[in-house]
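> Here is the input, now give the coordinates:
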Amino acid sequence: MFNTILVVCTGNICRSPIGEELLRQRMPNIRIDSAGLQGLSGYPADRRAQEVAAQYGISLERHIARRLTAKMIQEYELILTMMPNQLNQISAIVPEARGKTFLFGKWLGIQEIPDPYCQSHAVFDYVFSILRRASQEWAKRLN
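You can find the predicted model right below:
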């Protein structure tokens, strides 16, 4: 059983905050956080991400983006990324993290959860639906 999970995307303002909150809903007894490989430290979640999440009863209002560090990679027991290149970047920073880093869409057979940044509301809604299904699958396997 994992006690800590880190969800990683690029900027930590769209996908990873949504994924973090979806997992947190399903696994309230686990510490779940998020970060970005190019994290826009100090920024709130993207407005469209907040709007779409709010449609499903999830608040991202308190989210503050942060940049991924080697210390974070070492600190968390499970790391979930949105794309294979992010998984590879994490492994390049901390090689021993490869064994605990997986794709968020792994159980859906999805290699890449697209980045909705600067896209339409419909794209954010589509990405939310993928993240919701993927978080359900992770929760089934980890609970």
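> So Phe128 sits against Ile18, correct?
Yes - if you go by C-beta atoms under 8 Å, Phe128 and Ile18 touch, sitting 6.0 Å apart. Using the backbone N, CA and C atoms, a C-beta is placed for each residue, glycine as well.
> Can you pull the residues that touch both of the two?
Residues touching both Phe128 and Ile18 by C-beta atoms under 8 Å, 6 or more residues apart in numbering: Val52, Ala53.
> Which one's more surrounded, the two?
Ile18 (32 against 22; other C-beta atoms under 10 Å).
> quick one: that one from Asp125, how far?
Taking C-beta to C-beta, to the nearest Å as the measure, Ile18 falls 11 Å from Asp125.
> what do the two both touch?
With C-beta under 8 Å, 6+ apart, Ile18 and Asp125 have common neighbours Val52.
> From Pro95, how far off is the most centrally placed residue in the chain?
Centroid check for the chain by C-alpha atoms, centre = their mean gives Ser16 as the closest residue, at 2.8 Å. Distance of Ser16 to Pro95, computed by C-beta to C-beta: 22 Å.
> Please apply the same query to Arg26.
30 Å.
> The two: who's more crowded?
Arg26 (17 against 9).
> which ones are touching that one?
Ser135, Gln136, Trp138, Ala139, Asn143.
> Turn the residues you listed into TSV, including neighbour count and pLDDT.
Formatted as TSV, the contacts of Arg26 follow (neighbours: other C-beta atoms under 10 Å; pLDDT from 0 to 100):
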residue	neighbour count	pLDDT
Ser135	25	98
Gln136	15	97
Trp138	25	97
Ala139	15	96
Asn143	10	84
